[in-house]
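Q: I would like the atomic coordinates for the input below:
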Amino acid sequence: MKKLIALFAVTTLASTSAVAAIALSGAASVSYDDNGTAASATTYDADISVVGTNGGTTVTIGMDVDAGATVTGVDMATKIGPITIAADMHNATETVSATDDGSGTRITGREGAVPNPDDTSVTVSLDVPVGDATIGLDNSGNVTIGGTFAGVTISHTLKNGDDTTTGSAAIAGMDISITNAAGASTWSIGTTVSGVALTLNSGNDITAAFGLAGNTMTVSHFGADAQVHMDAKVWTVDAVAAYSTVAITRDLTSGSALTATYSSLDDSLTLKAAVSF
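A: Have a look, this model is predicted:
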């Protein structure tokens, strides 16, 4: 009997240890959209993320569970001294979207490549601190140099014909971010004025969020997007006219949040109930 008790105690301890190394999170939502003059529609979404950790190694599994249990991602990351190994073990299937989210409809396939190419990969990177900067090198031959200097965070990645530089800083109460990728620059600025959170970016998009009678009201304007044609690196994006949205969100005592959104893009009203755990 003592042996059985001891065995049960060891088994319980092992099970508790295993559970303690697993983190479960997720989100679910249901939305009703009157779609303006088009037929109304109700959509659902539910996702679960499982993160398992053992020492310095982490495995992350994502699942879409609203239409059957579909795995959306399996990633593992570990370290060997200054070397980081990251493995993407799930070949995601890109799908054609018929819904315009304001940034254009992304279409499956790339020019010169078969649709839905295998995107599984293993990345090995080496990070070495040099003074206030860190130099990184991965197995693709990309070299990244980054660091924070006088409050300004800068990162530069050297690629074959596709260098990328990013910079961010908080200056006079404003959060400023600038990115240059292969010669094309984008930027964004965020600040708070009299309790109103404002953001502005190089795409002529502006958003203002503020509290209103216990609710959060977000007013946004999105600039027009020109059509981007598909090539070896860029997905095809349809042209979209400028439009505005007004969203009012309220946290309910049930733990969920209710959001009502009006969009001038198609004169539609969407009601969405969502919860995260």
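
Q: Any buried residues in stretch 263-277, and which?
A: The neighbour-count check on stretch 263-277 (16 or more other Cβ atoms under 10 Å) flags S263, L265, S268, T270, K272 as buried. Using the backbone N, CA and C atoms, a C-beta is placed for each residue, glycine as well.

Q: Can you give the contact residues for it?
A: 25-38, 100, 102, 240-241, 243-245, 255-262 (Cβ atoms under 8 Å, 6 or more residues apart in numbering).

Q: From start to finish, how long is it in a straight line?
A: 28 Å (Cα to Cα, to the nearest Å).

Q: quick one: average pLDDT of that stretch?
A: Here stretch 263-277 scores 95 as its mean pLDDT.

Q: how close does N160 sit to N54?
A: Distance of N160 to N54, computed by Cβ to Cβ, to the nearest Å: 36 Å.

Q: Ignore what I typed, I meant H90.
A: H90 is 20 Å from N54, by Cβ to Cβ.

Q: Helices along the chain, start to end?
A: 2-20 (DSSP state H).

Q: shaky segments in it?
A: Residue ranges of the chain with pLDDT under 70: 1-20, 93-119, 161, 227-238.

Q: Longest strand in it, by number of residues?
A: In the chain, assigned by DSSP state E, the strand with the most residues is strand 41-54.

Q: Neighbouring strands - and their directions - for that one?
A: Strand pairing for strand 41-54, using DSSP bridges, gives strand 22-33 (antiparallel), strand 57-64 (antiparallel).

Q: Looking at H90 and N54, which has the bigger crowd around it?
A: H90 (15 against 11; other Cβ atoms under 10 Å).

Q: The residue nearest to that one when sequence neighbours are not counted pairs with what?
A: For H90, ignoring the flanking residues on the chain, the nearest one in space by Cβ to Cβ, 6 or more residues apart in numbering is V74 at 4.1 Å. Beta bridges link V74 to I61 when assigned by DSSP bridges.

Q: now L137
A: Beta bridges link L137 to L126, V143, judged by DSSP bridges.

Q: which residues does the closest residue to N35 other than its chain neighbours bridge with?
A: If the residues on either side of it in the chain are set aside, N35 comes closest to S268, at 5.2 Å by Cβ to Cβ, 6+ apart. With DSSP bridges as the criterion, S268 is bridged to S263.
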